[in-house]
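Chemist: need a 3D model of the following:
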Amino acid sequence: MLVDRDGTLVEDVPYNGDPEKVRPVPGARAALDAVRAAGLRLAVVTNQSGLAKGLFTEAQMRAVHARIEELLGPFDAWLVCPHDDADGCGCRKPAPGLVHAAARELGTVPGRCVLVGDIGRDVTAALAAGAQAVLVPTPVTRPEEVDAAPWVAPDLPAAVAEILRRQAAIHPATYQSAPGGTSARTTTAAAGAAATGRRRAGTVLLVRSDSAGDVLVTGPGIRAVAAHAERVVLLCGPRGRAAADLLPGIDAVVEHRLPWIDPAPGPVEPADITALTAKLAAVAADEAVIFTSYHQSPLPLALLLRTVGVRRIAAISDDYPGSLLDVRHRVPVGVPEPERALSLAAAAGYALPDYDEPALRLRPVPAPQVGPPGYVVLHPGSAAQSRGVPPELAAGIARALTAAGHRVVVTGGADEAELTAWVAGDDAVDLGGGTGLAELAATVAGAAAVVVGNTGPAHLAAAYGVPVVSLFAPTVPFGQWGPWRVPTVRLGDAGAPCRDTRAARCPVPGHPCLSRITPGQVLDALALLGVPPARPATAEPAWAVAAEPARAVAAAGRSGR
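Modeler: Presented below is the predicted three-dimensional model:
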């Protein structure tokens, strides 16, 4: 756990070099002691431009830090950026240098870190490094920073309680309890199995009947079950079948469209339900785990599974399940989809083994056929129009990237070939309609970065650790559906009127949440992610801007940071 200093650990005193002025925020000591008791290591990551400005000395700063440790207990590392914005260093937040340095100091990687801070710079630095980020707003936090944050807590103790709760939900054998309660309501037997992580099973039917991206983010939960089962069968719909074929841990796939899940559902036909019931019976599953998105119900399928004799069923359900579920799990809103899946698997007794890192992972795919690695993938389309990149913006980004010296590969599905051809123009490589999901995965794997909306290739990038410039429409929560544990810069208006509408088509004329992004912001985002051009720029383009990425903006002089 990484923590910002001023405004997060202690009250914000601008350019403080006086230990007597140190005042911890309420509840800080107890919260940090809970972190230590849970076995998490702690580091402070702080911008201190007062050193560059000559407003206090390094000795005075060390005295302040000694006082903080006297009041709040020891930290495993202190990481300080002594520079000002004009110095152009790589450590001053929103740059991710401090987060990378802290992870190294703690003997881990950013993907296993969470940073708690009070302004947008903290969040941007964490995400750009691939860490998770919690924003604890204060009076100096801008409303747009709150809107854009993937995870917001009212204060430091609440942030710590949720961090520990999420850890306990995924690793029940390691974290037996956490402040603030638990997310699961299970039977006694299920709770005991979850606590040991040693449950063994025969044939387990897993379900995720959604699009390719939904199936991809369920991958860690699937691997958790596979580590404890003799055989794993996945039931998925036609839209997710190609993704199912990429996931390790699956022994067989049953494909069937579930009309109560599909976004364009047809009528529920008796003959279709009879056919589905026959497929379920043929699996002869001993148990089932039904993975759903947060707005879906597992209960219709649970009823069918009961009719074919499945003895034990687990699912996330806010609705009263009666006798349909043996393990009724609950998860707060906003938890990342891969963590929702992992926590359900753990509640059912299938904890991810210690040797398997909680991350997205895919089966091996063939080498890409688009030249040497290092290009930038631009994926403008999406199955949901509201989450795709406006065509004019996508074309401008392609031109900007190529002019800046990046090799650009434009990707899209068979129904997006006209779009990708127009976006690619004469300079970028157009693969629109020319790749299946496995070939698209291979293309993403060879990229230096991916520029994409909220759609499947963002999760492919996360599976390969490829940095993402996320042009994220806020129709669904970024913290739940954004790229998971991969270096990311989010762009777009997170407070747009479409926020949290779940709209498949943009409900606001002009697509304002994304259309106001500039190509220059995308270039700045790539620079923040450390993605250099493949060749020298051709010229200074007319659209170039000097602005920081939308989520990297914070006042340089704010509180001496």
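
Chemist: quick check: His329 touching Ser317?
Modeler: Yes: if you go by Cβ atoms under 8 Å, His329 and Ser317 touch, sitting 7.4 Å apart. C-betas here are computed from N, CA, C, even on glycine.

Chemist: between those two, tell me which one has more neighbours.
Modeler: Taking other Cβ atoms under 10 Å, His329 and Ser317 do not tie; His329 has more neighbours (25 against 21).

Chemist: confidence score at that one?
Modeler: His329 carries a pLDDT value of 96.

Chemist: so it bridges to which residues?
Modeler: With DSSP bridges applied, His329 shows beta-bridge pairing to Ala184, Ile316.

Chemist: tell me the spacing between it and Leu342.
Modeler: Distance of His329 to Leu342, given as Cβ to Cβ, to the nearest Å: 11 Å.

Chemist: try Thr8
Modeler: Computed with Cβ to Cβ, the distance linking Thr8 and Leu342 is 27 Å.

Chemist: just Gly432 next, same as before
Modeler: Distance, Gly432 to Leu342, using Cβ to Cβ: 34 Å.

Chemist: same deal with Asp326?
Modeler: With the distance defined as Cβ to Cβ, Asp326 ends up 19 Å from Leu342.

Chemist: Ala103 now?
Modeler: 21 Å.

Chemist: the more surrounded of these two?
Modeler: Legend: neighbour count by other Cβ under 10 Å for Ala103 and Leu342, higher for Leu342 (27 against 23).

Chemist: could you look up the SS state of the more buried one?
Modeler: Secondary structure for Leu342, judged by DSSP: H, G, I helix; E, B strand; the rest coil, is helix.

Chemist: kindly tell me how buried the nearest residue to it once chain neighbours are set aside is, as a neighbour count.
Modeler: Among residues not flanking Leu342 along the chain, Ile170 sits closest, at 4.7 Å (Cβ to Cβ, 6 or more residues apart in numbering). The tally of other residues near Ile170 (other Cβ under 10 Å) stands at 24.

Chemist: swap in Arg407?
Modeler: Each residue near Arg407 was counted by other Cβ under 10 Å, and the total is 21.

Chemist: how about the nearest residue to it, chain neighbours excluded?
Modeler: In space, Arg407 is closest to Tyr375, 4.0 Å off (Cβ to Cβ, 6+ apart).

Chemist: so the one you found touches Val410, yeah?
Modeler: No: the criterion here is Cβ under 8 Å, and Tyr375 misses it with Val410 at 10.4 Å.

Chemist: and for those two, which residues touch both?
Modeler: Common neighbours of Tyr375 and Val410, using Cβ atoms under 8 Å, 6 or more residues apart in numbering, are Val429.

Chemist: the two: which is more packed in?
Modeler: Using other Cβ under 10 Å, the more surrounded residue of Tyr375 and Val410 is Val410, with 28 against 22.

Chemist: tell me what the more buried one is bridged to.
Modeler: Leu378, Asp430.

Chemist: tell me who's in contact with it.
Modeler: With contacts defined as Cβ under 8 Å, 6+ apart, the neighbours of Val410 are 377-380, 398, 420, 423-424, 428-432.

Chemist: show me which of the residues you listed is closest to Val152.
Modeler: Each of the contacts of Val410 was checked against Val152 using Cβ to Cβ; the closest is His379, at 28.4 Å.

Chemist: distance of the closest one relative to Trp484?
Modeler: Taking Cβ to Cβ as the measure, His379 falls 17 Å from Trp484.

Chemist: try Gly381
Modeler: Using Cβ to Cβ, Gly381 is found at 21 Å from Trp484.

Chemist: ok, the residue nearest the centre of the chain - contacts?
Modeler: The chain has Trp484 as the residue nearest its centroid, 2.7 Å off, counting by Cα atoms, centre = their mean. Listed by Cβ under 8 Å, 6+ apart, the contact partners of Trp484 are Val217, Pro336, Glu337, Pro338, Ala359, Leu360, His459, Ala462.

Chemist: that one falls within a helix, correct?
Modeler: No: the assignment for Trp484 by three-state DSSP gives coil, which leaves it out of any helix.

Chemist: could I get the pLDDT score of it?
Modeler: With respect to pLDDT, Trp484 has a value of 97.

Chemist: try Thr46
Modeler: Looking at Thr46, its pLDDT is 98.

Chemist: and what about it, helix, strand or coil?
Modeler: Classification of Thr46 using three-state DSSP returns strand.

Chemist: neighbours of it, just the number please.
Modeler: Residues near Thr46, counting by other Cβ under 10 Å, number 23.

Chemist: measure the residue nearest to Leu342 to Asp354 for me?
Modeler: For Ile170 relative to Asp354 (Cβ to Cβ), the value is 12 Å.

Chemist: next one: Leu437
Modeler: Plainly put, Leu437 is 30 Å away from Asp354 if you go by Cβ to Cβ.

Chemist: pLDDT weak spots in the stretch 301-450 of the chain?
Modeler: Judged against pLDDT under 70, the stretch 301-450 of the chain has no low-scoring part.

Chemist: contacts only, for the closest residue to Thr307 other than its chain neighbours.
Modeler: Sequence neighbours aside, Thr277 is the residue nearest to Thr307 in space, at 6.5 Å (criterion: Cβ to Cβ, 6+ apart). Thr277 makes contacts with Leu304, Thr307, Val308, as judged by Cβ under 8 Å, 6+ apart.

Chemist: could you dump those residues to TSV with neighbour count, distance to Arg112 and secondary structure?
Modeler: Listed next are those as TSV, based on neighbours: other Cβ atoms under 10 Å; distance: Cβ to Cβ, whole Å; DSSP: H, G, I helix; E, B strand; the rest coil:
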residue	neighbour count	distance to Arg112	secondary structure
Leu304	17	39	helix
Thr307	11	43	helix
Val308	18	41	coil
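
Chemist: show me which of the residues you listed is closest to Pro14.
Modeler: Of all those, Pro14 sits closest to Leu304, with 62.5 Å by Cβ to Cβ.

Chemist: what about Pro507, how many neighbours?
Modeler: Around Pro507 there are 13 other residues, counting by other Cβ under 10 Å.

Chemist: also Gly39?
Modeler: Using other Cβ under 10 Å, Gly39 has 9 other residues around it.

Chemist: try Arg363
Modeler: 12.

Chemist: what helix or strand does it sit in?
Modeler: In the assignment (DSSP states H and E), Arg363 maps to no helix and no strand.

Chemist: and it, what does it touch?
Modeler: Asp245, Leu246, Leu247, Pro248.

Chemist: swap in 10 Å and give it another go.
Modeler: Going by Cβ atoms under 10 Å, 6 or more residues apart in numbering, Arg363 touches Asp245, Leu246, Leu247, Pro248, Gly249, Ile250, Ala438, Ala441.

Chemist: same deal with Arg340?
Modeler: 169-170, 183, 217-218, 221, 291-294, 316, 329, 331-332, 334, 480.

Chemist: got it, and Ala77?
Modeler: Residues in contact with Ala77, defined by Cβ under 10 Å, 6+ apart, are 2, 41-45, 101-107.

Chemist: can you do 8 Å?
Modeler: By Cβ under 8 Å, 6+ apart, Ala77 lies in contact with Arg41, Leu42, Ala43, Val44, Ala102, Glu105, Leu106.

Chemist: now, these that are in helices?
Modeler: In this view, the contacts of Ala77 that belong to helices under DSSP state H are Ala102, Glu105.

Chemist: narrow the contacts of Ala77 to those that are buried.
Modeler: Neighbour-count burial (16 or more other Cβ atoms under 10 Å) applied to the contacts of Ala77 gives Arg41, Leu42, Ala43, Val44, Ala102, Leu106.

Chemist: the first one contacts Asp76, doesn't it?
Modeler: In this case it means Arg41. Yes: at 4.6 Å, Arg41 and Asp76 qualify as touching, with contact defined as Cβ under 8 Å.
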